[in-house]
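**Student:** This is a predicted model, with the sequence first.
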Amino acid sequence: MVYRIDSFDESSCNDDASRVVLMLTDSRDYKMFVGSRNNCTYSVKISRTEYPEWKTAVGDFISFHEAHECDTLLVMSEEDLAAARLDYAGHSCNDPFLRKGEPHILIHSTPFSCYEKIMQDQMLKSWNRLQAEGALNETDPIGAKLGDPVDFRNYIMFGDGVTGEIVVNSKQCGRIVMDVNAPYKTGARLYFDAKKMAADGLLLRDGCHIKVKDTLSLSPYLIFAATWQSLGLDSQISTPAEYAILADTAFSHRFGIPL
């Protein structure tokens, strides 16, 4: 069920952890901010002043969670909710096409040991799928330290910029490491054709992420796999910031696709 309220206090929260909250704000500090605060339920904050596509994001959030029968709490005015619903009419969280502003290339970063298994299977798999197959030696994904909902474990996540490399480094360290200039052991940076994925009904939008449920075959979606060897680097050691730029630049030069 979707519920709407005018305000929500995170300073002393005892809300139901199974519920996901979306808060529409006027903050100048971010476009979108996600996480859990004060042991409160996981929340998504969207700034309508900094994020022009906020109506689409609100629509995707509602569409995704209604499709998965999740209780959601919308913190916004009735007028803003009505405006978002009107703007979103005719869309769904799994639209079989890319909307204006959506990336044509989706990037998934993974440690090198995981990349070798991915190539063997010719498939990406969600954390829950890998856990069920006995392929993991961890009890929780690194995102649990950020308060990610348990449901995230059913999905393969994509990102851009340095985000994926931060995840790889944090996974290796066993803690969240936000320093993009910290030395780390590079893995693989996988570049996928988002348009094909959308056309085949694989892309899901939840208001803040683009993701695929359960599994994703490499063929016909994988365009390029960047590793330290394929990039011609002298060493596997780099930094998240440096490696992301090197890999993205190599991809753009090779395929003529700007990122």
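**Tutor:** Sure, I can see it. Numbers count the residues shown, from 1 in each chain.
**Student:** From here on, just use CA atoms for contacts and neighbour counts.
**Tutor:** Noted.
**Student:** Identify the residue nearest F224 in space, chain neighbours excluded?
**Tutor:** Excluding its sequence neighbours, the residue lying closest to F224 (C-alpha to C-alpha, 6 or more residues apart in numbering) is Y191, at 5.2 Å.
**Student:** Quick one: mean pLDDT over the host helix or strand of that neighbour.
**Tutor:** Here Y191, judged by DSSP states H and E, is contained in strand 188-193. Per-residue pLDDT values over strand 188-193 give a mean of 98.
**Student:** hmm, who's touching the worst-scoring helix or strand of the chain on mean pLDDT?
**Tutor:** Across the helices and strands of the chain, the lowest-confidence element by mean pLDDT, DSSP states H and E is strand 32-35, at a mean of 87. Residues outside strand 32-35 that contact it (C-alpha atoms under 8 Å, 6 or more residues apart in numbering) are 42-47, 51, 146-148, 208.
**Student:** Show me what it pairs with in its sheet, parallel or antiparallel.
**Tutor:** strand 43-47 (antiparallel) (DSSP bridges).
**Student:** Going C-terminal from the strand it pairs with, what's the next secondary structure element?
**Tutor:** Downstream of strand 43-47, the next assigned helix or strand under DSSP H and E is helix 54-67.
**Student:** what does that next one contact?
**Tutor:** So helix 54-67 is contacted by 1-2, 22, 46-48, 71-72, 83-85, 87-88, 92-93, 204-208 (C-alpha under 8 Å, 6+ apart).
**Student:** Kindly recompute the last result at 6 Å.
**Tutor:** By C-alpha atoms under 6 Å, 6 or more residues apart in numbering, the residues outside helix 54-67 that reach it are 48, 84, 88, 92-93, 205-207.
**Student:** Kindly calculate the angle that it makes with strand 43-47.
**Tutor:** 160 degrees (axes from the mean of the first three to the mean of the last three C-alpha atoms, to 10 degrees).
**Student:** Pull out the buried residues from helix 54-67.
**Tutor:** Neighbour-count burial for helix 54-67 flags 54-65 (criterion: 16 or more other C-alpha atoms under 10 Å).
**Student:** helix or strand right after it?
**Tutor:** Next in sequence after helix 54-67, counting helices and strands by DSSP H and E, comes strand 72-75.
**Student:** That next one pairs with which strands, parallel or anti?
**Tutor:** strand 2-5 (parallel), strand 20-25 (parallel).
**Student:** Output those strands as TSV; include the columns mean pLDDT and distance to L106.
**Tutor:** As requested, those are exported to TSV (pLDDT from 0 to 100; distance: least, C-alpha to C-alpha, whole Å):
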stretch	mean pLDDT	distance to L106
strand 2-5	90	30
strand 20-25	93	24
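**Student:** Just send those strands back as TSV, with mean neighbour count and distance to K185 too.
**Tutor:** What follows is the strands paired with strand 72-75, written out as TSV (neighbours: other C-alpha atoms under 10 Å; distance: least, C-alpha to C-alpha, whole Å):
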stretch	mean neighbour count	distance to K185
strand 2-5	13	43
strand 20-25	22	34
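**Student:** okay, the ones you listed in JSON lines with distance to E242 next?
**Tutor:** Below are the strands paired with strand 72-75 laid out as JSON lines (distance: least, C-alpha to C-alpha, whole Å):
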{"stretch": "strand 2-5", "distance to E242": "42"}
{"stretch": "strand 20-25", "distance to E242": "33"}
